[in-house]
Each structure stands twice: as C-alpha cells, then as structure tokens.
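# sequence and predicted model, in that order:
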Amino acid sequence: MKSFIPVLLIAASVVPASAQGVPKLDYRSTCKATPAVGMDRAATVAACLADEENARKALPPVWAKSSKSSRAACVAETSQGGLPSYVELLTCLQSNLVEKAR
C-alpha cells in the first residue's frame with residue numbers, strides 16, 4: 001500500500017492543466033513587458049495589471065462552461081511566447097463559446 005501513494009501523487013502531478021481548475025498565469029511578467037502606449041510606463045503597467053486581475057476574476061464561470069479541448073487550445077494559444085494573459089485566455093474561451101452556440 002505504501003508504494004501506491006507515491007504512484008498516485010506522481011499521476012496527480014501530470015494531469016493536464018485543461019483537466020484541472022483555472023490555470024495560474026504569471027501575468028505580471030506580461031504586463032512588465034508591455035510597451036507604454038500613450039501613457040507613462042507606470043500607468044501602462046498598472047492598467048495592464050488591473051485588466052489581467054479583472055479577467056482572472058471573470059474567468060471561472062467561462063472556464064467551467066468551456067470544453068476540455070477549448071481550454072487546452074486556448075491555454076496553449078494564450079501562453080505562446082512566454083507572455084501568458086488572462087485577458088487573452090478569457091477572450092479565446094468566450095469566442096469558442098460563441099462559435100459553439102451558432
């Protein structure tokens with residue numbers, strides 16, 4: 001029985017993100033990499049952080065309604081290039097839900 005527990009823990013750690021809850025994204029690095037456009041640097045980063053936090057809070061119900069394949073595709077799409085974004089993830093999932101409803 002003792003050997004079963006480590007196997008179970010290893011199996012649980014390799015479950016794809018799409019099968020788990022909403023992924024944790026490091027959007028702070030994304031915001032820090034965003035170039036200032038029409039605002040000073042601090043205002044740009046602050047606005048980006050606020051947008052990302054609002055999207056993170058709005059994501060759970062959309063995530064729950066989305067298919068596993070949509071989740072996986074959107075997570076992959078919105079994490080490319082090392083700049084993950086809850087805003088992009090939310091938009092991608094919402095777009096997929098609209099397309100599915102048509």
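Done, it's in.
# I'd like the next helix or strand past the least confident helix or strand in the chain by mean pLDDT.
Taking mean pLDDT, DSSP states H and E as the measure, the chain has helix 4-13 as its least confident helix or strand, at a mean of 35. Following helix 4-13 in sequence order, the next helix or strand is helix 27-33 (DSSP states H and E).
# helices and strands around the helix or strand that comes right after that next one, which ones?
Using DSSP H and E, the helix or strand that follows helix 27-33 in sequence is helix 41-65. Helix 41-65 makes packing contacts with helix 27-33, helix 86-101 when contacts are defined by 3 or more Cβ pairs under 8 Å, 6 or more residues apart in numbering; DSSP states H and E. The C-beta positions use only the backbone N, C-alpha and C, and glycine is treated the same way.
# which one of these lies nearest to residue 58?
Minimum separation from residue 58 across the helices and strands packed on helix 41-65 (Cβ to Cβ) falls at helix 86-101, 6.1 Å.
# by how many degrees do the closest one and helix 41-65 diverge?
Between the axes of helix 86-101 and helix 41-65, defined by axes from the mean of the first three to the mean of the last three Cα atoms, to 10 degrees, the angle is 30 degrees.
# now helix 86-101: how far from the chain's centre is it?
With Cα atoms, centre = their mean, to the nearest Å as the basis, helix 86-101 stands 12 Å off its chain's centre.
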